[in-house]
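*Asks:* Return a 3D structure for these sequence lines:
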Amino acid sequence: MKRAAPLLAVLLLSLPAGAQQPPQPPLRPIGMVQPRPGPAPATQPRPQGVRRAAPKPPAALAGPKPDVKLLLDAPTTHGPWTMHVVNDGDIPVRLVADARMLALEVTPRGARKPVRCQLPADMRPADDSERAVVLPPKRSYSESFEPRLYCFGERELDALTATSIVVARLGWPERAGAHGPYAVSGIEGVEPEVAPLAAIESPPVSLPDEPTPMPADEAARAPDDPDPVHLSLRASRAVDAESPENLGVTVTVHNDGRRAVRLRFRPETLGFEVTSNSGVQRCGWPTSPSAPAREYFTTLAAGASESLTVLLGDYCGRAPFDSSGLVVVRPDLDTRRAGGGAIGLKTFDGVVIASTPTVVRLHRGNARPRSERPRLDPPK
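*Replies:* Next up is the predicted model:
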């Protein structure tokens, strides 16, 4: 080892002038294994022109397609409607029997694009495990639902009209991947194993014509009155309420006549007919109107209107709002016991009922939700 250094020096000195010295390997201690070069760090830039390989898509799921059909029964423009899921095949399947998964595409006459309707995320099931049932061959499952709960809002409610075309889809067509969730799938151990379906689609149906309602009788018209009082009542068309505590409705009275009208338009003269899962209930102010005073009365000029926002819980209590879902509210104004005759005022003393109800979508009810197992239709 002592001669190696002078010999290397002699060799270096013997190189011609200007010649490049050969690269020398790095010195390492004897016995140390030279590490092999590893992969480049992830932070290093990739060479230009080199593309990263795309992940391999999952293999297609094998098996025959299940012969399961979705049918929609829509006898009216607003509801209730019924969905029917029928297994026309010879293989039993697993079905998520839950109308909350429905999505509706409604195309009014002359429209270029359909209006898409579905429940908000907090009212839809998160996965396919909550209401799964076995649907045997030649059996069906039916469930009724209220379409206004899905088609909610001005544009969506306007689409629910006669001659509109409706297509229903049941499932998760946007979310389903290689492992679900699926609306229809095979059953473990049953051969042949059918291919799962993320969603099933109904044939299009046309909403029927409905009879035109008769005009309301003008109770305030007197036979000898050439210029009768003509009032109308309107309310919020759609109210989306997270809970009953913040369920407010704005009611507006409008003077459609040609002369000014004085009336008592206050919370105690309003009432509501409320239709919910608990049935139909009449809701009124908890106490009778107090003795009249001039400041209690409003004068509406011809063509003028006035609005009042109230909480439905002050009128109805808890019962109509025990469960989530659709609540239909029709307000009315009753001033028959709230006139101003006792203090010498000529006032409107009658009843006005709103011609169009308010649709309320209640996300959460007062009572704890009950979980019910879906039941198949009786065999035919």
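
*Asks:* Quick check, central residue of this structure?
*Replies:* Leu119 (1.8 Å; CA atoms, centre = their mean).

*Asks:* ok now do it, which residues does it touch?
*Replies:* Listed by CB atoms under 8 Å, 6 or more residues apart in numbering, the contact set of Leu119 reads Arg100, Leu102, Leu149, Tyr150. For the C-beta atoms, the positions are set from N, CA and C on the backbone; glycine is no exception.

*Asks:* Repeat that for Glu105.
*Replies:* Neighbouring residues of Glu105 by CB under 8 Å, 6+ apart: Pro114, Val115, Arg116, Cys117, Val166, Val167, Ala168, Arg169.

*Asks:* Spell out which strands sit alongside whichever strand or helix holds the third one in the sheet and which way each one runs.
*Replies:* Element membership for Arg116 (DSSP states H and E) is strand 115-118. Paired strands of strand 115-118, with direction, are strand 102-107 (antiparallel) (DSSP bridges).

*Asks:* Now do the partner strand, average pLDDT.
*Replies:* Averaged across strand 102-107, the pLDDT comes to 97.

*Asks:* repeat for stretch 70-83
*Replies:* Mean predicted lDDT for stretch 70-83 stands at 94.

*Asks:* what's the span of stretch 115-129 from first residue to last?
*Replies:* Stretch 115-129 stretches 29 Å from its first residue to its last (CA to CA, to the nearest Å).

*Asks:* List just the nearest of the contacts of Glu105 to Pro66.
*Replies:* Arg169 (15.9 Å; CB to CB).

*Asks:* Pull up the per-residue confidence for the closest one.
*Replies:* Reported pLDDT for Arg169: 97.

*Asks:* nearest residue to Gly317 other than its sequence neighbours?
*Replies:* Cys283 (7.9 Å; CB to CB, 6 or more residues apart in numbering).

*Asks:* Quick one: residues contacting the one you found.
*Replies:* Gly271, Phe272, Glu273, Val274, Leu312, Tyr315, Cys316, Gly317, Pro320.

*Asks:* Name the single longest strand found in this protein.
*Replies:* The longest strand of the chain (DSSP state E) is strand 325-334.

*Asks:* what about the helix or strand following it, distance to the chain center?
*Replies:* The helix or strand immediately downstream of strand 325-334 is strand 351-353, counting by DSSP H and E. Centroid separation between strand 351-353 and its chain, computed with CA atoms, centre = their mean, to the nearest Å, is 33 Å.

*Asks:* Need the contact partners of strand 351-353.
*Replies:* So strand 351-353 is contacted by 216, 219, 231-233, 253, 330-336 (CB under 8 Å, 6+ apart).

*Asks:* from the residues you listed, which would you call buried?
*Replies:* Those of the contacts of strand 351-353 that meet the buried threshold are Leu231, Ser232, Leu233, Val253, Arg330, Pro331, Asp332, Leu333, Asp334, Thr335, by 16 or more other CB atoms under 10 Å.

*Asks:* Surely the last one is in contact with Arg266?
*Replies:* This points to Thr335. No - the pair Thr335 / Arg266 is not scored as a contact, 9.5 Å apart, by CB atoms under 8 Å.

*Asks:* Around Arg124, how many other residues sit close by?
*Replies:* 14 (other CB atoms under 10 Å).

*Asks:* for it, phi and psi?
*Replies:* phi -100, psi 150 (degrees, to the nearest 10).

*Asks:* sec struct for the residue nearest to it when sequence neighbours are not counted, please.
*Replies:* Using CB to CB, 6+ apart and skipping residues adjacent in sequence, the residue nearest Arg124 is Arg100, 5.3 Å away. The three-state assignment at Arg100 reads helix, by DSSP: H, G, I helix; E, B strand; the rest coil.

*Asks:* check contacts around Arg100.
*Replies:* Going by CB under 8 Å, 6+ apart, Arg100 touches Leu119, Met123, Arg124, Pro125.

*Asks:* please redo it, this time with the cut-off set to 6 Å
*Replies:* Going by CB atoms under 6 Å, 6 or more residues apart in numbering, Arg100 touches Leu119, Arg124, Pro125.

*Asks:* ranges for the helices of the protein?
*Replies:* 4-13, 147-150, 154-159, 313-316 (DSSP state H).

*Asks:* By mean pLDDT, show me the worst of those helices.
*Replies:* With a mean of 42, helix 4-13 has the lowest mean pLDDT of the helices of the chain.

*Asks:* Find the nearest non-adjacent residue to Phe265, please.
*Replies:* Thr298 (5.0 Å).
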